[in-house]
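Participant: With the sequence up front, the predicted model follows.
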Amino acid sequence: MANVELRGISKRFRGVTALRDVSFTVADGEFFVLLGPTGAGKTTTLRVIAGLEKQDGGSVLFDGGAVDSRSPAERDVAFVFQQYSLYPTMTVFDNLAFPLRSPLRKLDNTEITRRVTEAAEKLRIGHLLQRKTERLSGGEMQRVSIGRAIVRQPRVFLMDEPLSNLDAKLRESLRVELEHIQKKQQSTTLFVTHDQVEALTLADRIGVLREGKLIQVAAPRDIYDKPANLFVAQSVGTPRINLFPSTYSDGSVRVADSPIALPFSQNGLPVHFTLGVRAEDVTPGQGDQRGEIALVEPLGVETILHIRSGDVTLLSMVSGMTHYRLGEAISFGIDQDRLHFFDAKGDRIDVEQGR
Amino acid sequence: MSETTNGESVGWQPSAPVNYSTRVDKVGTSARTARGIRIVLAFVLAGVMLIPVFWLGLTSFKSRADAIAVPPKVVNFTPTLEGFVNLLSDRSVLNARRLELMKERTDLTWYEEIALKNGQQITGISQYVGRLRNSVIIAGTSTILAVILGLLAAYSFSRFKVPGESDWLFFILSTRMLPPVVVTIPIFLMYRQLGLHDTHLGLILLYTVFNLSLTVWLLKGFLDEIPREYEEAAMVDGYTRLQAFRKVVLPQAVTGIAATTVFSLIFAWNEYAFALMLTTERARTAPPTIPTILGRGGVEWSAIAAGSLGFLIPVVIVTFVLRRHLLRGVTFGAIRQ
Ligand SMILES: Nc1ncnc2c1ncn2[C@@H]1O[C@H](COP(=O)(O)OP(=O)(O)O)[C@@H](O)[C@H]1O
Ligand SMILES: [Mg+2]
């Protein structure tokens, strides 16, 4: 396995800038997730690394050496495509064996069979080996795709939303399997997704991509707790983070159009800013704030309460089912150690908080 | 409704009488009727199409007199291979003395007997055999060339950014825009100059060029339908583009290639005007030959029918071999740009 570095990659398609000066490094054995909405440039990033697309500027390095002039075959990466990845005229076995039969590798048949069987075992598709690929379910197809990547030891795994075409249950189970395999093999993996849950659960580190620009690279925890800007803050977490235009005056953070006021001793805040509060940091039933229940969304494991306070509505998340009823007046508290502040441009304002 | 013969639906029918029909049954009967109509229609159409071929086959087994009998004989004639013998052999008319001599011989083969009945002696194999061979060589080679070249061109147009792509494609198509006959004279003169007149190479080149526009356009349509992710996956898996093309794209393009092959083969096989103008002897193909099978004292209809029948057979064989791909190829492959 290798480490992969992107240095100032940019890529334009007629009129569309897909990537702007993107730089990051995936360390050897790391599970790196690129998170971004559709059209952010995730697929383009993977294609540039694989050599399927030539970048307009910048350089791709494997283990410190530039690979820009190498063909896809010579780069020795494994690519799991979002769709259309299995060769339809071949059986599952032949699909899995295909990379091993490459003229570059010259493996003998017993070795090929051994490796294919081993990969098939790992992904529990051993019973499907003689099947034609068109007779597979979506989940089985993606298993085979992943299998085709793990039969060999590529320098890096590139995965383009491999789970996004599956139904929720399958996605979850395959996600867990993927994580096991990656941890066991210690394979360098670059996984792209628009699904924040996948990103948070799988990643050692996450890179957030928006309109071709890399906005933040950090561990899932820091992405969640210290989002670099409003976009990142909104990209992770369900329900979405509460955001309110607010002001700072008389030692208190005051939410506009609402009685909510939070005593806050720290300086460094401008007068106008955006306040961010995650739903789990809003605790109903205790605290100094007043509001009423506008909506109750019981999800079983947790319940999302919509609390109306003045002209704003906050989302609050509590675990389990609750006894709150619509229209009920309640008090609630906001965890003041976990407030997020964003300036007029949307960038995070770092405020050192004392206790 | 509850009285229907449809056994499966009875099991879950409510016990009370039901005076409406369930959707399952409606679909069942109307689908069955539609299917019946389709089958009848297919047979009628096939019948209309096949009558000339059937008549051709019939005529080829008739004697010279039966072939031109009025009213036409459909079943009430004695089948004879006279037509085939006349088609495949050169014969000379025997004078009375030699006729007597021949009749006394006992070592005659069956086809010599047939010739003898008409007072003729077989002197050799007719031109037809050689010309059918020419047809096979010329049509076969030009089709293979047109399909291979067309495949490479279509793949390039389909997968790479070719500068002026649509102009090129239009240009290629435009070679088909005027009737080929219009250019026979210039081509005749050019071929005479170049020494291509009456050569296999000459016709092969010409048919390849004419078919190329068809094959490029048809195959581009088929290749466009194959997602490029497959080749890209293969390239990432350690193959060059050419290897990926061979191992991943070709197997998926079989249908399109089969359909394209049959279309070009039929054109090259049936071509008449150029073959007539540009060949005389060595490279002459079957189509201009058949109408020249004239016997002495009248048209040899049974020989002409036998010749036409023999001419049909190779195309029928190729079409039959490729039929499985053909059906899908013709219905699925839309020409798109
Ligand atoms: N081959 C292409 N031609 C033109 N534009 C493209 C091409 N591939 C991608 N793009 C554009 O580049 C941007 C990024 O695309 P992509 O990398 O596929 O995003 P993502 O995978 O994050 O959804 C999009 O605006 C897309 O329309
Ligand atoms: Mg994508």
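Facilitator: The structure has been received and is ready for your questions. Ligands and ions are numbered 1, 2, ... in the order given.

Participant: Spit out the contact partners of residue A:31.
Facilitator: A:179, A:182-183, A:189, A:191, A:202-205 (C-beta atoms under 8 Å, 6 or more residues apart in numbering or on different chains). For every residue, glycine as well, the C-beta is placed using N, CA and C.

Participant: Which strands or helices does the helix or strand residue B:54 falls within pack on?
Facilitator: According to DSSP states H and E, residue B:54 maps onto helix B:23-60. Applying 3 or more C-beta pairs under 8 Å, 6 or more residues apart in numbering or on different chains; DSSP states H and E, one finds that helix B:23-60 contacts helix B:82-88, helix B:301-321.

Participant: Quick check: buried residues in that helix?
Facilitator: Within helix B:23-60, the residues scored as buried using 16 or more other C-beta atoms under 10 Å in any protein chain shown are B:28, B:56, B:58-60.

Participant: What of stretch B:237-250?
Facilitator: So, applying 16+ other C-beta under 10 Å, buried residues of stretch B:237-250: B:237-241, B:243-245, B:247-249.

Participant: and what of stretch A:177-192?
Facilitator: By 16+ other C-beta under 10 Å, the buried positions in stretch A:177-192 come out as A:178, A:181-182, A:187-192.

Participant: Then residue A:37 would be within a strand, right?
Facilitator: No. Counting by DSSP: H, G, I helix; E, B strand; the rest coil, residue A:37 is located in no strand; its state is coil.

Participant: if I read this right, it contacts residue A:210, doesn't it?
Facilitator: Yes. Contact criterion C-beta atoms under 8 Å: residue A:37 and residue A:210 qualify, at 7.3 Å.

Participant: Mind checking which of those two has more residues around it?
Facilitator: A count of neighbours by other C-beta atoms under 10 Å in any protein chain shown puts residue A:210 above the other of residue A:37 and residue A:210, at 18 against 12.

Participant: can you tell me how far that one sits from ligand 1?
Facilitator: Computed as C-beta to the nearest ligand atom, to the nearest Å, the residue A:210 to ligand 1 distance reads 10 Å.

Participant: tell me the pLDDT at the spatially most central residue of chain B?
Facilitator: Centroid-nearest residue in chain B: residue B:315, 3.6 Å away (criterion: C-alpha atoms, centre = their mean). Here, the pLDDT recorded for residue B:315 equals 89.

Participant: Same check on residue A:55?
Facilitator: 95.

Participant: for it, what are its contacts?
Facilitator: By C-beta under 8 Å, 6+ apart, the contact list for residue A:55 reads A:9-11, A:19, A:48, A:68.

Participant: Can you flag the buried ones in these?
Facilitator: Using 16+ other C-beta under 10 Å as the burial test, the contacts of residue A:55 include A:9-11, A:19, A:48 as buried.

Participant: From the residues you listed, which land in strands?
Facilitator: Secondary structure from DSSP state E places A:9-11, A:19 of those in strands.

Participant: Quick check: chain neighbours aside, which residue is closest to residue A:83?
Facilitator: Nearest non-adjacent residue to residue A:83, counting by C-beta to C-beta, 6 or more residues apart in numbering or on different chains: residue A:165, 6.2 Å away.

Participant: again with residue A:117
Facilitator: Using C-beta to C-beta, 6+ apart and skipping residues adjacent in sequence, the residue nearest residue A:117 is residue A:126, 6.9 Å away.

Participant: swap in residue A:223?
Facilitator: Leaving aside its chain neighbours, residue A:223 sits nearest to residue A:206 (5.0 Å; criterion: C-beta to C-beta, 6+ apart).

Participant: can I assume the one you found sits in a strand?
Facilitator: Yes. Assessed by three-state DSSP, residue A:206 belongs to a strand.

Participant: picking up where we left off before, list the contacts for the residue nearest to the centre of chain B?
Facilitator: Residue B:315 makes contacts with B:265-266, B:269, as judged by C-beta under 8 Å, 6+ apart.
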